[in-house]
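*Asks:* Coordinates for the following, if possible.
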Amino acid sequence: MVRSALIDLRITPTMFDSGHLLPYGWNDTLSDTFDSYPDDGREPGRVIRVDRGRCDVAAPAGIVRALAGEHTLCTGDWVTLHRHGDEIAVADLFPRRSAIVRSSASGRSEGQLLAANVDTVVIAAALDTALDLGRIERLLALSWESGAQPVVALTKSDTVHDVSLATAEVAAVAPGATVVAVSADTGDGIDILTAVIDGTVALIGPSGAGKSTLANALLGADVLATGRVREGDNKGRHTTAHRELLPLPSGGALIDTPGLRGVGMWDAADGIDKTFPEIEELAAQCRFADCSHQAEPGCAVLGAVADGELPERRLASYRKLIRENGWIASRTDARLRAEREREWKTIARWQRQMYRSRGH
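*Replies:* Numbers count the residues shown, from 1 in each chain. From the prediction side, this is the model:
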């Protein structure tokens, strides 16, 4: 992978040159946010890569290596930097405009932040294998919940005969999102995809979907390593090991992500609603306000399935995501209750010790 050389950052309280930050998305709004922090020699920067408590940050003077400190950072974060002796450290974390969060791979009741301050999420799905509409719906819910605009890129379009049929099939399950068929090998559709993406773009999808190849096409150079999919199961190798932010020649910046084998919902009720708007509209017509769309009389959703207006597969996908999102929410509530109970026990123990020390 081609990486910019890290440089030494000499932070001074003088006015900084924002020229190096412009390709990474620096604008007047961010400048106003930075002005709200103490004027003590800090400089702004954007996190382009995080690993092992340190991060590479695009700073006014170039790319620097910094300590993350007490902050939980991810690629795309805007921060302030400050020097402590010979070390550069993150001092402040800007408020995030958007965040892509999934449930942790361990299944614990906490979310995993994939990328921050993203404007467009490009969901890569390969056409050289059978389309997994359920996975696309899952990634759409994740994207809508983040606050970014999703775009579905159907990669390897040169491997199928009827591209329009595949595009229509995906468009039917992606209301509100643009669907573009592309081929990084032939260049077909790349100009259309470039025209519909905007700002900071996060590229997500499973291994083997051709994300790194597509990223290289958008970047206009072979910057990211690519690999062939395995024969037999069509699964790709993880050629991208870390999330990394790179400037796009057309403007904006790109965050390439490792292949997502598992994408669990995390507090994604709004994202699910936006992914299945027709079900939400039908639910408003159900006889009972708390209808679960299972077997209740007067259920408009089940009626639409019976009439052939709503595919049964789509309802099953909706139920699955709702069920999963509810489960993780209950786990989160249980964790918060347990934390509050521990805090109260600590306070009560401290109070008892105080009373005993005073002779009560």
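*Asks:* which strand of this protein spans the most residues?
*Replies:* Secondary structure of the chain per DSSP state E: the longest strand is strand 43-51.
*Asks:* packing partners for that one?
*Replies:* strand 54-59, strand 62-67, strand 78-84, strand 244-247 (3 or more CB pairs under 8 Å, 6 or more residues apart in numbering; DSSP states H and E). No exception for glycine: its C-beta is placed from N, CA and C like everyone else's.
*Asks:* would you list these in a markdown table and tack on mean pLDDT, mean neighbour count and distance to Asp222?
*Replies:* What follows is the helices and strands packed on strand 43-51, written out as a markdown table (pLDDT from 0 to 100; neighbours: other CB atoms under 10 Å; distance: least, CB to CB, whole Å):
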| stretch | mean pLDDT | mean neighbour count | distance to Asp222 |
| --- | --- | --- | --- |
| strand 54-59 | 95 | 24 | 20 |
| strand 62-67 | 94 | 18 | 20 |
| strand 78-84 | 93 | 21 | 29 |
| strand 244-247 | 94 | 21 | 12 |
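*Asks:* Any idea which of those strands gets closest to Arg319?
*Replies:* strand 244-247 (36.1 Å; CB to CB).
*Asks:* Identify the residues contacting that closest one?
*Replies:* 23-24, 46-49, 58, 75-76, 200, 219, 223, 253-256 (CB atoms under 8 Å, 6 or more residues apart in numbering).
*Asks:* quick one on the thing from earlier: which stretch among the helices and strands packed on strand 43-51 approaches Ser143 most closely?
*Replies:* In terms of CB to CB, the element of these nearest to Ser143 is strand 244-247, at 17.4 Å.
*Asks:* Adjacent strands (with direction) for the closest one?
*Replies:* strand 253-256 (antiparallel) (DSSP bridges).
*Asks:* I'd like the mean pLDDT over the strand it pairs with, please.
*Replies:* Averaging pLDDT along strand 253-256 gives 94.
*Asks:* Quick one: list the elements packing against whatever helix or strand comes next after it.
*Replies:* Downstream of strand 253-256, the next assigned helix or strand under DSSP states H and E is helix 269-275. Applying 3+ CB pairs under 8 Å, 6+ apart, we find helix 269-275 packed against helix 133-146, helix 312-357.
*Asks:* packing partners for the helix or strand following the shortest one?
*Replies:* In this case it means helix 133-146. Counting by DSSP H and E, the next helix or strand C-terminal to helix 133-146 is strand 149-155. Counting contacts by 3+ CB pairs under 8 Å, 6+ apart, strand 149-155 packs against strand 120-126, helix 133-146, helix 163-171, strand 178-181, helix 190-196, helix 211-219.
*Asks:* between strand 149-155 and strand 120-126, how many degrees?
*Replies:* Per axes from the mean of the first three to the mean of the last three CA atoms, to 10 degrees, the angle that strand 149-155 makes with strand 120-126 is 20 degrees.
*Asks:* and strand 149-155, C-alpha only, in CSV?
*Replies:* This file holds the C-alpha atoms of strand 149-155, laid out as CSV (Å, rounded to 0.1, in the frame of the first residue of the first chain):
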residue,chain,number,x,y,z
GLN,A,149,-26.9,8.6,2.2
PRO,A,150,-26.6,5.0,1.0
VAL,A,151,-25.6,4.1,-2.6
VAL,A,152,-25.6,0.5,-3.8
ALA,A,153,-22.8,-0.4,-6.2
LEU,A,154,-23.3,-3.6,-8.0
THR,A,155,-19.7,-4.6,-8.8
